[in-house]
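A.B. asks: what follows is a predicted structure for the sequence shown.
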Amino acid sequence: MGNQRRFQVWRGDTHGGNLVDFDAEVNEGEVVLDVIHRLQATKAPDLAVRWNCKAGKCGSCSAEINGRPRLMCMTRMSMLPPQLPVTVTPLRTFPVIRDLVTDVAYNYQKAREVRSFMPPKGVQPGEYRMQQVDVERSQEFRKCIECFLCQNTCHVIRDHEENETNFSGPRFLMRIAELDMHPLDAADEEGVDRKRSAQDEHGLGFCNITKCCTEVCPEHIKITDNALIPMKERVADIRFDPLIRLFRRKRG
Amino acid sequence: MTTTSSPPPSGVAQPGRIPSARVAISARTLRTDRWWVSPLVTAIVLGVFVVYTTVRLFMRNDYWVGEYHYLTPLYSPCLSNSCAPGSSHFGTPLPAFPLALPLPILILPILAGFRVSCYYYRKAGYRAFLLSPPGCAVTEPAKKYTGETRLPLILQNLHRYFFYLASVLLLINTYDAVSAFLPADGGFGVGLGSLILLINVTMLWLYSLSCHACRHIFGGRLKHFSKHPMQYWFWTQLSKLNGRHMQFAWTSLITVMLTDFYVMAVSAGWIADLRLFN
């Protein structure tokens, strides 16, 4: 037999909305998504929620639970303070469609703006050969499930919508870092400078490394320490460090 | 919390609906945890450090214990003719300073620049002082944000230069720590002060070696680790330290303050140095 908990779920659409109170039964071991589904089944059949795998691998059920960006399927009810109502709202950074569902098209647009992997000339798929030590940095970033919690929590666009044009967000700056560190990426040979692109086109300079992206990542990717800061240092090599440039020129 | 008085929608698309409207929640945050504790503690500790060091830098006394060769890290190296006799390990190439000028005027910008532009302190400072943002998913008060794209914050990208200069100072601090085991009457001696200076310089080494710029310089910039096994090894070891950069940043900040306080206490005669050997 479960216990009763008070839920406040944001319901509405682009016209507006509000937090609606629900009392719901919660059983041992359940996660927030289980309770949202129970609300759908018993009290609010038209409640819109996006979900898929229920295992923290598809990145669909991103929401803000008690104000913190989280996956609903990975947030156990037992970790939320029992004396307070559980607040569930949609991601604040993206346009709301209805209830807990937002339009994350911004992210797909930014994904398209990142130049894709460029293998060396003459190397065909199936012929890629690389050593583990060379590729393991990039592999960490491949764990990303594209839940866009990092994009949602990044204050550069969360609090300043006007920066959306010039800033691609941590997920896609991490994608650039992944490619720039990739041992077989030959973008340089194709005349594509990923470091300059990160700084000039994707707004790396907007990032003030306050690490919120890392804090909310459900895959525990060290986005700031392993992707964003190394990219800032790589940009510093070419943009802010004349000694490095001089040294490289001398070395040829 | 309520943003409009309209009832929950039916789910049917309505004419005139506004495209691209974010969810309208007026509350600055809905977080229920004590998210403000961390920036508050950061602001208090950093504030105490800044006030303490400012006072100490203008005191111009009690920074050197000649008997045991204890020199506080805040005054090392002391390069002016105004320095206490014996405290200038590298001579006094600078003239006497007027009272209004702190003796470590040359090293102060390096130490401050290294800490201020440090990737960890940037996070701490932006959150605690600029409230940009004060906490994750907590709306920041500023209406406009340009980050590190413009002056003055674009200068944070010079962190590696401060790292180079601070490394030189660290070597001098190491010399000071070794000197603290070689008291004025000759031979080898160990006092509580020499151990404190040793601990302090160890924490400074750990803080500097765990620096993100250091990690980049020693191998992070490479694309193919397999072609540079030595650099890869260094990068791997530094990456382990880098994971604890925040702890080293705080610990070294506090050890600098405590070391200076101990040297001041011994130098001023408030306490006698506890001698363990010779």
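C.D. replies: The structure has been received and is ready for your questions. Numbering: from 1, shown residues only, chains lettered A, B, ... in the order given.

A.B. asks: what pLDDT does B:S6 get?
C.D. replies: What the model reports as pLDDT for B:S6 is 42.

A.B. asks: give me the neighbour count for B:T92.
C.D. replies: For B:T92, the neighbour count with other CB atoms under 10 Å in any protein chain shown is 15. Glycine gets a C-beta too; all of them are placed from N, C-alpha and C.

A.B. asks: actually B:T149, not the one I typed
C.D. replies: Counted with other CB under 10 Å, the neighbours of B:T149 add up to 17.

A.B. asks: what distance do you get for it to B:A128?
C.D. replies: 22 Å (CB to CB, to the nearest Å).

A.B. asks: equivalent analysis for A:R142, please.
C.D. replies: A:R142 sits 34 Å away from B:A128, going by CB to CB.

A.B. asks: same question for B:G189.
C.D. replies: Distance of B:G189 to B:A128, computed by CB to CB: 42 Å.

A.B. asks: on that earlier part again, would you mind telling me which of A:R142 and B:A128 has more residues around it?
C.D. replies: More neighbours surround B:A128 than the other of A:R142 and B:A128, with 21 against 11 (other CB under 10 Å).

A.B. asks: so the more buried one sits against B:P39, correct?
C.D. replies: Yes. B:A128 lies in contact with B:P39 (CB atoms under 8 Å); the separation is 4.2 Å.

A.B. asks: now check stretch A:128-142, is it near chain B?
C.D. replies: Yes. Using CB under 8 Å from any CB of the partner chain, we find that stretch A:128-142 touches chain B at A:131, A:133-134.

A.B. asks: which phi and psi does the nearest residue to A:T42 once chain neighbours are set aside have?
C.D. replies: Closest residue to A:T42 apart from its sequence neighbours, by CB to CB, 6 or more residues apart in numbering or on different chains: A:A24 at 7.9 Å. Main-chain dihedrals, A:A24, degrees, to the nearest 10: phi -140, psi 150.

A.B. asks: does A:A24 touch A:N3 like I think?
C.D. replies: No. Using CB under 8 Å, A:A24 is not in contact with A:N3; the gap is 10.0 Å.

A.B. asks: who's more crowded, these two?
C.D. replies: Between A:A24 and A:N3, counted using other CB under 10 Å, the more crowded position is A:A24 (21 against 11).

A.B. asks: give the contact list for the more buried one.
C.D. replies: By CB atoms under 8 Å, 6 or more residues apart in numbering or on different chains, the contact set of A:A24 is A:4-5, A:7, A:35, A:38-39, A:42-43.

A.B. asks: if we go to 6 Å?
C.D. replies: By CB atoms under 6 Å, 6 or more residues apart in numbering or on different chains, the contact list for A:A24 reads A:5, A:7, A:35, A:38-39.

A.B. asks: let me have these in TSV, adding pLDDT and neighbour count as columns.
C.D. replies: What follows is the contacts of A:A24, written out as TSV (pLDDT from 0 to 100; neighbours: other CB atoms under 10 Å in any protein chain shown):
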residue	pLDDT	neighbour count
A:R5	96	18
A:F7	98	21
A:V35	98	23
A:R38	97	19
A:L39	97	20
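
A.B. asks: which of the residues you listed fall within helices?
C.D. replies: Among those, the residues falling in helices (DSSP state H) are A:35, A:38-39.

A.B. asks: ok, so of the residues you listed, who is nearest A:V123?
C.D. replies: A:V35 (50.6 Å; CB to CB).

A.B. asks: how close does that closest one get to A:N27?
C.D. replies: In terms of CB to CB, A:V35 sits 9 Å off from A:N27.

A.B. asks: what pLDDT is listed against residue 22?
C.D. replies: Unless you meant another one, I'm taking chain A. 97.

A.B. asks: oops, I was thinking of chain B
C.D. replies: With respect to pLDDT, B:R22 has a value of 93.

A.B. asks: contacting residues around it?
C.D. replies: A:P95.

A.B. asks: same check on A:I229?
C.D. replies: Neighbouring residues of A:I229 by CB under 6 Å, 6+ apart: B:119, B:212.

A.B. asks: in the helix or strand where it lies, which residues are buried?
C.D. replies: Take DSSP states H and E as the rule and A:I229 turns out to sit in helix A:229-239. For helix A:229-239, burial by neighbour count (16 or more other CB atoms under 10 Å in any protein chain shown) applies to A:229-237, A:239.

A.B. asks: please apply the same query to stretch A:170-186.
C.D. replies: Result for stretch A:170-186 [16+ other CB under 10 Å]: buried residues A:170-185.

A.B. asks: among those residues, which lie within helices?
C.D. replies: Secondary structure from DSSP H places A:170-180 of these in helices.

A.B. asks: quick one, helices of chain B?
C.D. replies: For chain B, applying DSSP H gives helices covering B:37-59, B:107-116, B:119-128, B:159-179, B:192-209, B:212-215, B:229-242, B:245-267.
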